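Trainee: Predicted model, plus sequence, below.
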Amino acid sequence: MSDLAEPQAGIATAARLELTDEERAQLHALAAELAGAPPGLLDDPDWLALARRASCRLPVRILAALRQLRQDAGRAGILSLRELLAEEGALPDTPTVPDSVERIPALPSTVAMLLGQQLGEVVAYRNEKGGALVQNVVPVRSLADSQSNAGSVPLELHNENAFHPHRPDFIGLLCLRGDHDGRAGTVVASVRDVLPLLGPADLAVLGSPRFLTEAPPSFTSGEATSPHPVLGGHPSDPDLRVDFNATTPLDEEAEAALARLGEALQATSSSLVLRPGEMVFIDNRLVVHGRTDFTPRYDGRDRWLHRVYVHLDSRRSGRHRSGRRPLLA
């Protein structure tokens, strides 16, 4: 797609689209219209229906980029949309409490919802952050050392909610504010990059149901999986399902194969330092992600991301839902 940045040789790089001033003005006008619409609640089914319809009026280049991502996320499995927001001066202080979420439409949260609703359907999980559709990723002092979105230590590579039978197809991360030192990176690695580095024996083991995965710390409850493969789908282009903090191999051979997979992912990983106004969509079927460490100050100006989860097919998770809300058990 000519509007997107071309991938470089070697490890694949994210497709990238930078908005023009005119496109950003159109996006903000659309978001302001939607944010002011009743009932004024991000999680309300009627507001979501309005957001779904309004998303069809996004600037054409954004629509094309999201459509291309939906069709094939490419080798890197990532799309970066830049210059979505203006300067951060109008932002309130970065939240500092656990399980921080957004319920009332504001410009950033509405932009995140518009983009997510155009890519697919924004969903949430009843046992994670109160089931909110727009979640805040911010450092929390009491959770600084945790393997969670509220920590500031290195976060191990993982597919989001790898334990869940209906984990997200895509994750959207919108940067409202960077960290003080400008070095907090979202670490990403694609299975499409590491596949050539793994031998047939490891691929066979990783494709066998010899692994268990537990729920992440962000969930108040959640049962561990039944034995599952780490690589699934077509052998030449598999999906990835792993959390290196929560996935346990069931035998020594599986343990060795998982370790070699982790080494290959680390070797081919890259770090995205998101800048304010940038939103990345990560294909959660192809890409694991983590985070580098950083030093928060808890002064109201720390790193702040909005996070949304996207499903491409809502019917698959029907048995895990109740009512009209896209909320999964």
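Mentor: Nice, thanks for sending it over.
Trainee: what about the helix or strand that contains Ala259, average pLDDT?
Mentor: Taking DSSP states H and E as the criterion, Ala259 maps to helix 252-267. Per-residue confidence for helix 252-267 averages out to 98 on the pLDDT scale.
Trainee: buried sites along it?
Mentor: For helix 252-267, the buried set under the neighbour-count rule, 16 or more other Cβ atoms under 10 Å, comprises 254, 257-258, 260-262, 264-265. C-beta: built from backbone N, CA, C; applies to glycine.
Trainee: Give the other helices and strands that the helix or strand that that helix is followed by contacts.
Mentor: On the C-terminal side of helix 252-267, the closest following helix or strand by DSSP H and E is strand 270-272. Using 3 or more Cβ pairs under 8 Å, 6 or more residues apart in numbering; DSSP states H and E as the contact test, the elements touching strand 270-272 are strand 186-190.
Trainee: Sheet-wise, list the partners of the strand it packs on with their directions.
Mentor: Strand 186-190 has the following strand partners under DSSP bridges: strand 270-272 (antiparallel), strand 287-291 (antiparallel).
Trainee: re earlier: ok, so of the buried residues of helix 252-267, who is nearest Glu156?
Mentor: Nearest to Glu156 among the buried residues of helix 252-267: Gly262, at 8.8 Å, using Cβ to Cβ.
Trainee: From His311, how far off is the closest residue to that closest one other than its chain neighbours?
Mentor: Distances taken as Cβ to Cβ, 6 or more residues apart in numbering place Phe244 nearest to Gly262, at 5.6 Å, with adjacent residues excluded. From Phe244 across to His311, the span is 24 Å (Cβ to Cβ, to the nearest Å).
Trainee: Likewise for Gly77?
Mentor: Spatial separation of Gly77 from His311 under the definition Cβ to Cβ is 16 Å.
Trainee: If you count surrounding residues, which of those two has more?
Mentor: Counted by other Cβ atoms under 10 Å, Gly77 and His311 do not tie: Gly77 has more neighbours, with 28 against 21.
Trainee: Hmm, Ser190 and the more buried one touching each other?
Mentor: Yes - using Cβ atoms under 8 Å, Gly77 and Ser190 qualify as a contacting pair, with a distance of 4.8 Å.
Trainee: for Leu212, helix, strand, or coil?
Mentor: Going by DSSP: H, G, I helix; E, B strand; the rest coil, the secondary structure assigned to Leu212 is strand.
Trainee: which residues touch it?
Mentor: Remark: with contacts taken as Cβ atoms under 8 Å, 6 or more residues apart in numbering, Leu212 is in contact with 224-228, 247-248, 250.
Trainee: redo that, cut-off 7 Å
Mentor: Each residue near Leu212 by Cβ atoms under 7 Å, 6 or more residues apart in numbering is listed here: 224-225, 227, 248, 250.
Trainee: Buried subset of the residues you listed, written for ChimeraX?
Mentor: Buried subset of the contacts of Leu212, written as a ChimeraX selection, criterion 16+ other Cβ under 10 Å:
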select :225
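Trainee: Going by distance to Val134, which of the contacts of Leu212 wins?
Mentor: When the contacts of Leu212 are ranked by distance to Val134 (Cβ to Cβ), Thr225 comes first, at 26.8 Å.
Trainee: so who does the residue nearest to that closest one when sequence neighbours are not counted touch?
Mentor: Spatial nearest neighbour of Thr225, chain neighbours left out: Thr213 (4.8 Å); criterion: Cβ to Cβ, 6+ apart. Applying Cβ under 7 Å, 6+ apart, we find Thr213 in contact with 162-163, 224-225, 243, 246-247.
Trainee: swap in Gly232?
Mentor: Here Gly232 is in contact with 238-239, 241 (criterion: Cβ under 7 Å, 6+ apart).
Trainee: next one: Leu312
Mentor: Per Cβ under 7 Å, 6+ apart, neighbours of Leu312: 70, 120, 169.
Trainee: now it: how far from Arg285?
Mentor: When Cβ to Cβ is the yardstick, Leu312 and Arg285 sit 10 Å from each other.
Trainee: Give me the common contacts of those two.
Mentor: Common contacts of Leu312 and Arg285 (Cβ under 7 Å, 6+ apart): Asp169.
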